[in-house]
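>>> Pasting the sequence and the predicted model now:
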Amino acid sequence: MGCHIGLSYAQIPVSKNPPEDYDSFPFGHITTGQEKQEMLNVIDQFMIAVNTKSKKLFDQILYKGIQRIVTQVDAIKTSTTIYDNDKRLQNLASKPEQYKERYWDALIVSDGNIASVWAPYDFYLNDKFSHCGVDLFYLVKEGGAWKIAHFGYTIVKDCKKEN
């Protein structure tokens with residue numbers, strides 16, 4: 001015999017306004033100071049790993065078995081693909097192209113040992129502008145160190161280049 005509560009989901013109120021005492025809740029704050037710098041150091045290491053195609057460095061800062069979500073945006077359509085990141089990294093070093101990725105204006109929101117980092121970026125292939133977009137990283141602090149547990153990004157071909 002199963003248990004029936006007697007409520008449909010339509011009857012459960014969903015608030016779009018935070019509770020009045022939301023400011024006293026102990027979670028979800030914009031990260032600053034030393035904590036922010038520790039997280040940005042991981043993102044910097046990620047960029048170095050991309051730019052040097054260093055699987056060794058990726059292995060140090062990424063959890064094994066994670067997926068990456070890539071959303072390509074253009075005037076006609078938007079498509080999203082989910083990749084097995086470990087498979088994508090296996091042949092990275094053998095690719096002859098030179099990569100250059102840069103990010104700026106990172107916004108970090110954290111709650112204890114989890115955080116998200118959101119930052120615009122641009123990407124160059126063989127020193128030629130390729131695309132821009134937004135990087136989004138989910139970080140987890142384990143054993144006193146931050147690691148990337150998941151990441152995704154948008155690819156926008158028709159965007160303004162930064163210097």
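Perfect, thanks for sending it.

>>> Below-threshold pLDDT in this structure: ranges please.
Judged by pLDDT under 70, the chain has its weakly predicted residues at 1-32, 161-163.

>>> Which single helix of it contains the most residues?
Looking across the chain with DSSP state H, the single longest helix is helix 33-52.

>>> ok, and for the longest strand seen in the chain, which residues are buried?
Ranked by residue count and defined by DSSP state E, the top strand of the chain is strand 128-142. Using 16 or more other CB atoms under 10 Å as the test for burial, strand 128-142 gives 131-137, 139, 141. Glycine gets a C-beta too; all of them are placed from N, C-alpha and C.

>>> again, but for stretch 147-157
Quick answer for stretch 147-157 (16+ other CB under 10 Å): 148-156.

>>> Keep only those of the residues you listed that are in strands.
Cross-referencing the buried residues of stretch 147-157 against strands under DSSP E gives 148-156.

>>> Now the two most distant members of the residues you listed.
Greatest spatial distance among these (CB to CB): A149 and V156, at 24.8 Å.

>>> returning to that earlier point: okay, the ones in strands among the buried residues of stretch 147-157 in CSV with distance to D122 next?
Listed next are those as CSV, based on distance: CB to CB, whole Å:
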residue, distance to D122
I148, 20
A149, 25
H150, 22
F151, 17
G152, 17
Y153, 11
T154, 12
I155, 11
V156, 10
